[in-house]
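Asker: only geometry, no sequence info:
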């Protein structure tokens, strides 16, 4: 998703509408999942761990507005407007309704905010390995590729588990780690294990 961001002050002065105000109670954690899936390949946003270069760097785009004290709701409306009235090469209707509200709320909350941290809901990500890892494992494990720095369990970049060991550990747990059998599908467990081994070049 590429956002061609309009100057926030200009939108405020023009009284530009969005065709429906972005919901204030939108779930920012859902917004993060959607942003990483739909927008991260085009946009850089530090909190999301994305580095897309097709569209604007969203931290840079909103830095001045946040320094000037614009309310988060104003930024949320700008993002929602850009989603609703997407200009090429950004696709039309990439996210809609409540999903668009969630993305707008998430971007508004974290852009140009180095202290922002949004935790993904457990099990988020379907079969997307990074999202699965971040939402289920990142709070306990460090893994550079996923951008996580948990210190409860082993640093997986250092441990470099084999595929068999990773699969068994995720499935059955042990050593303080919960078993994910029954919480994640067999396919998700397989995806997670293969991902960890691939990015750490385990045995």
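Answerer: Thanks, I have the structure now. Remember, it's a predicted structure, so these values are computed and weren't measured experimentally.

Asker: low-confidence ranges in this protein?
Answerer: 1-23, 202-203 (pLDDT under 70).

Asker: Break it down into its structural domains.
Answerer: 8-110, 129-200 (automatic domain parsing).

Asker: So which residues of this protein form strands?
Answerer: 44-45, 50-51, 142-143, 148-149 (DSSP state E).

Asker: quick one on the thing from earlier: will you turn the domains of the chain into TSV that also has distance to residue 119?
Answerer: Heads up, the C-betas are built off the backbone N, CA and C, glycines and all. As requested, the domains of the chain are exported to TSV (distance: least, C-beta to C-beta, whole Å):
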stretch	distance to residue 119
domain 8-110	6
domain 129-200	7
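
Asker: that older thread, would TSV of the strands of the chain with mean neighbour count and distance to residue 114 be doable?
Answerer: Below are the strands of the chain laid out as TSV (neighbours: other C-beta atoms under 10 Å; distance: least, C-beta to C-beta, whole Å):
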stretch	mean neighbour count	distance to residue 114
strand 44-45	22	12
strand 50-51	15	15
strand 142-143	21	20
strand 148-149	15	15
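
Asker: Of all the ones you listed, which one is nearest residue 136?
Answerer: Closest to residue 136 of these is strand 148-149 (C-beta to C-beta; 10.5 Å).

Asker: For that closest one, which strands pair with it and how are they oriented?
Answerer: Strand pairing for strand 148-149, determined by DSSP bridges: strand 142-143 (antiparallel).

Asker: Give me the distance between the strand it pairs with and the centre of its chain.
Answerer: Centre-to-centre, strand 142-143 and its host chain are 16 Å apart (C-alpha atoms, centre = their mean, to the nearest Å).

Asker: can you list the residues that contact that strand?
Answerer: Residues outside strand 142-143 that contact it (C-beta atoms under 8 Å, 6 or more residues apart in numbering): 133, 137, 148-151, 155-157, 196, 199-200.

Asker: For those, work out which two are farthest apart.
Answerer: Farthest pair in those, by C-beta to C-beta: 151 and 199, 18.6 Å.

Asker: Buried residues in stretch 52-65, which are they?
Answerer: 52, 55-59, 61-62, 65 (16 or more other C-beta atoms under 10 Å).

Asker: ok, back up a step: looking at residue 151 and residue 199, which one has more neighbours?
Answerer: Between residue 151 and residue 199, residue 199 has the larger neighbour count (other C-beta atoms under 10 Å), namely 18 against 10.

Asker: For residue 101, see how far away the more buried one is.
Answerer: Separation of residue 199 from residue 101 (C-beta to C-beta, to the nearest Å): 33 Å.

Asker: before we move on, what about residue 180?
Answerer: From residue 180 to residue 101 the distance is 31 Å (C-beta to C-beta).

Asker: Neighbour count: those two, which is higher?
Answerer: Between residue 180 and residue 101, residue 101 has the larger neighbour count (other C-beta under 10 Å), namely 25 against 21.

Asker: Can you verify my assumption that that one contacts residue 77?
Answerer: No: using C-beta atoms under 8 Å, residue 101 is not in contact with residue 77, being 10.6 Å away.

Asker: so who does residue 28 touch?
Answerer: 102, 105-106, 109-110, 118.
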